[in-house]
Structure formats: C-alpha cells, structure tokens
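# here is my input, please return the structure:
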Amino acid sequence: MLNYLAYSWLTMGKNVDKARDYLEIALSARPGDAHIIDSMGWAEYLAGDYPKAVDYFEKAVDTMPDDPTVNDHLGDAYWRAGRQVEARYQWQRALADKPDEPGDEQAIEEKLKKRPPRHGAAEPSRAGAEPAGRARRSAVDAGAIILHRTGNNR
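Reported below is the predicted structural model:
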C-alpha cells in the first residue's frame, strides 16, 4: 500500500521526500519487490541522482525483464547518466514489450530520436520531471495508474 501512495505522489510531483520515506519502509518490508524497487528508482531519478536511480532500475529489470515501464525508466536513467547507447537499448526493449499506458509508445519513439549531448555539454536538468508523455498526467491519470498497477499485483 505504501508503494501505491508513494508512486502516485511521485507521478504528481507531490510529497517527494515523504514518498521516498514511504518507499524505504516498503522496501525494507519487501526487499525483493521489483515494483517497489522501480518506484525507489523513480524517486532517485526525480531527485536528480541518476547513478543511484540506475542501480535501482537495473535491479528491477533483473527481476522483471519484460516490463515496458521498468525498461523505459532504466532507459531514462541511463540517458541522464550519460549512457546513451544503453538508454536506446532499454527504450527499444520497452517498445518490444508493448507499453500499455496511452501515449507511452509514442513518447518512447520520440526518445529514440534524441541525439546525445555534445561532448562536454551537459543536457539541461529535468530534476522533478517525468519521461516524455507522463508530465501531463493529472491526478485522475495518477488514479488510473494506481488502478492499472493494482491489477499487476503492485
């Protein structure tokens, strides 16, 4: 239950610190739960700690290799960590696994069109932002995410 609440806060950009606290509690109770691990990775991503986000997302992908959302998240974190080749690979995996959220497939296709930053030029920070296609989600959309993930035993 803590994961549902925390992830919904993260998708809305609200209570990020409290969401992180809840995720730490949930993770200590269920350390192998890939959904909680993914959510923790998302919290780190939003905080701008991309290497730490990569660590969480890699663990989640190890457990759920065919989940398009987890692969998409790992791709986003790789991109921000300067690992563009790996990011593209993960986004291609996410597409192959058929994202089921409306707009996610198109958003991932747009990410695949991105060019890596020039050597020495950092990409503008998006701390607090979500992957393309998700930033526009409203609280109603966040509710749909929770219902969707509930069906996935999240």
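# please make it C-alpha for all contacts and neighbour counts, starting now.
OK.
# how close does residue 18 get to residue 51?
Distance from residue 18 to residue 51, counting by C-alpha to C-alpha, to the nearest Å: 21 Å.
# kindly report the same for residue 99.
From residue 99 to residue 51 the distance is 25 Å (C-alpha to C-alpha).
# do the same with residue 67
For residue 67 relative to residue 51 (C-alpha to C-alpha), the value is 21 Å.
# likewise for residue 69?
From residue 69 to residue 51 the distance is 18 Å (C-alpha to C-alpha).
# between the two, which is the more surrounded one?
Between residue 69 and residue 51, counted using other C-alpha atoms under 10 Å, the more crowded position is residue 69 (21 against 17).
# model confidence for the more buried one, exactly?
Here, the pLDDT recorded for residue 69 equals 94.
# one more: residue 107?
pLDDT at residue 107 comes out at 95.
# what about the residue nearest to residue 116 when sequence neighbours are not counted, neighbour count?
Counting by C-alpha to C-alpha, 6 or more residues apart in numbering, the nearest residue to residue 116 once its immediate chain neighbours are dropped is residue 84, at 6.5 Å. Using other C-alpha under 10 Å, residue 84 has 20 neighbouring residues.
# tell me the pLDDT of residue 84.
94.
# now do the helices in the chain.
Secondary structure of the chain, counting by DSSP state H: helices at 2-12, 16-29, 34-46, 50-63, 68-80, 84-96, 104-112, 139-151.
# which strands and helices lie in contact with the third one?
Spelled out, it's helix 34-46. helix 2-12, helix 16-29, helix 50-63, helix 68-80 (3 or more C-alpha pairs under 8 Å, 6 or more residues apart in numbering; DSSP states H and E).
# could I get those helices as CSV with distance to residue 94?
Output for the helices and strands packed on helix 34-46, formatted as CSV (distance: least, C-alpha to C-alpha, whole Å):
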stretch, distance to residue 94
helix 2-12, 19
helix 16-29, 24
helix 50-63, 11
helix 68-80, 4
